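> got a predicted model here, sequence first, then my questions.
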Amino acid sequence: MMEEAVEVPSHSNCSVYCIRVTEAIKNGDSLVYVVKSEELSSNMQYQVDRTYEDFEWLQHCLFTQESVPGLQGIIFPPLPAKPMTCDPSSDARSFKQLGLLALGGTWQTYCRALEKYLHLVSGHSILVKNSALQSFLTHKEPPGKQIVKKGIFDKLSQAVEGLRKEHHKDIDEFFQNERDSNVRLTGLTKAASERFLEMVVAEQKIMVACGHFSTSLQLGIGQEDDSTACRISKICLKLSEVIDTVKKKYESVAENNRNTIGLYLDLYSRYQEAEKEMLFRRTCKLVEVENVNKSLVKVKSTKKAIMEEIKKATDREFLEISGMAKCEIQNYHRERVLAFQQSLIGLCVRQLKTARESYAVLSQQLSHFRELYGE
């Protein structure tokens, strides 16, 4: 169920909406997501249909705000990758693209990821003020035009710039350490997510195998009059029920893993990339500051006043970005640890509940077996 999704705190005291993404409806070659929200101050409730392109529009509006000082220092909540319209668990391309979000055979896990994205945006003290969010949540009509995607030459120039500035030495030890830490954590989080995905997939395969075994035992039961054959049939029937219980147990275990640690790892593997992008934007501004300083030394006296104004503006922007970035990084790490703690607690509670329920059923089935052998 959607309301069981693990919550990740992010400026949560600033949230003015209660948001749920309840389902994904296939509409031709696209998916439409049902977004329900309630404005906490007025208790006004809204329900809108949104496509993935609408989510991209919202993200684009957040990226391009002009009135927010230090905007480039924000770690923007990351959107999940765009899904295919086919069954997420049966298509290899979709599975490779979405990873943990493709598990389960339905789009509920993916809806949770989109819901979490909206929670993070609406819970951010700066992003929540953007009018695009209110439009996205409350207007029935699609909120805006699709984003014009960049061409191959734009992407190529970005890649070249990235290689040129990625290893630029930072003047602030705090940010240099954070960049180094980000590189390590990005690799470790991605590897942990991949290993965890393999574990959940293995649990699902065991679940499917148990289902086949249980069905096979039932198909082998006959209507023989022989007392021995009849007794064997009863034992097979009871064994089929036991294997079905084991199947349900693995189904619950896989679901618990997916909806706690799985969602956490998926979110924060994307969040590490979002932090990396923010740190790169700040590095680009740092390079710009250094270039302006070099130009100021070489500039002629007639243009020195203009260059000094450019230097002041560039320095101010860099300080604003750095100040915002430092607050965002500190908040991000605090939330990341709290979210991991909540995920672990949620996993333990759910797995303990599953274990107790399975134990009760298996104990009852063991008693039935003993009755059969005692006849």
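That came in fine, so what should we check first?
> and the residue positioned nearest the centre of the chain, how far is that from residue 120?
Nearest residue to the geometric centre of the chain (C-alpha atoms, centre = their mean): residue 267, 3.1 Å. Residue 267 is 9 Å from residue 120, where distance means C-beta to C-beta, to the nearest Å. Placement of C-beta: from N, CA and C, glycine included.
> likewise residue 368?
Per C-beta to C-beta, residue 368 is found 49 Å from residue 120.
> out of these two, which sits in the busier spot?
More crowded of residue 368 and residue 120, by other C-beta atoms under 10 Å: residue 120, with 23 against 14.
> can you give me phi and psi for the more buried one?
Here the main-chain torsion angles of residue 120 (degrees, to the nearest 10) amount to phi -70, psi -40.
> am I right that it is in contact with residue 77?
Yes - using C-beta atoms under 8 Å, residue 120 makes contact with residue 77 at a distance of 3.7 Å.
> buried stuff in stretch 348-362?
Buried residues in stretch 348-362, counted by 16 or more other C-beta atoms under 10 Å: 350, 354, 358, 361.
> closest to residue 263 among those residues?
Nearest to residue 263 among these: residue 350, at 12.5 Å, using C-beta to C-beta.
> for the residue nearest to the centre of the chain, which non-adjacent residue is spatially closest?
The shortest distance from residue 267 to any non-neighbouring residue, by C-beta to C-beta, 6 or more residues apart in numbering, is to residue 116 (6.3 Å).
> show me where pLDDT drops low in this protein?
Applying pLDDT under 70 to the chain flags residues 1-15, 85-96, 104-105, 144-164, 222-225, 373-375.
> quick one: the helices in it, in order.
Secondary structure of the chain (DSSP state H): helices located at 52-63, 92-98, 108-122, 131-138, 152-165, 173-219, 227-257, 263-298, 304-373.
> quick check: which of those is buried the most?
Of all the helices of the chain, helix 108-122 has the most neighbours on average by mean count of other C-beta atoms under 10 Å, namely a mean of 23.
> re the thing from before, the residue nearest to the centre of the chain and residue 113 touch, don't they?
Yes - taking contacts as C-beta under 8 Å, residue 267 lies within contact range of residue 113: 7.2 Å.
> pop the domain breakdown of this structure in here.
Annotated domains of the chain cover 14-155, 163-174+190-374 [the TED database].
> tell me which of the ones you listed sits nearest to residue 183.
Among those, domain 163-174+190-374 comes nearest to residue 183, with 7.9 Å by C-beta to C-beta.
> how far is the closest one from where the chain is centred?
8 Å (C-alpha atoms, centre = their mean, to the nearest Å).
> which ones are touching the residue nearest to the centre of the chain?
By C-beta atoms under 8 Å, 6 or more residues apart in numbering, the contact set of residue 267 is 8, 78, 113, 116, 339.
> looking at those residues, which is nearest residue 241?
Taking C-beta to C-beta as the measure, residue 241 sits nearest to residue 113 out of the contacts of residue 267, at 36.0 Å.
> now do residue 131 against residue 118, distance only.
15 Å.
> how about residue 101?
15 Å.
> also residue 245?
Noted for residue 245: a distance of 38 Å to residue 118, by C-beta to C-beta.
> what do you get for residue 294?
Distance of residue 294 to residue 118, given as C-beta to C-beta: 44 Å.
> how about residue 285?
To residue 118, residue 285 is 29 Å away according to C-beta to C-beta.
> the closest residue to residue 68 other than its chain neighbours: neighbour count?
The shortest distance from residue 68 to any non-neighbouring residue, by C-beta to C-beta, 6+ apart, is to residue 126 (6.1 Å). Neighbour count for residue 126, taken as other C-beta under 10 Å: 17.
> same deal with the one 4 residues further on?
Residue crowding around residue 130 was assessed by other C-beta under 10 Å; the count is 18.
> check contacts around it.
Contacts of residue 130 (C-beta under 8 Å, 6+ apart): 61, 62, 65.
> my guess is residue 169 contacts residue 175, does it?
No - using C-beta under 8 Å, residue 169 is not in contact with residue 175; the gap is 10.5 Å.
> phi, psi of residue 80?
Main-chain torsions, residue 80, degrees, to the nearest 10: phi -70, psi 160.
> let me see the contact set for it.
Counting by C-beta under 8 Å, 6+ apart, residue 80 touches 98, 101, 110, 113, 114, 117, 266, 270.
> repeat that for 6 Å
Counting by C-beta atoms under 6 Å, 6 or more residues apart in numbering, residue 80 makes contact with 101, 113.
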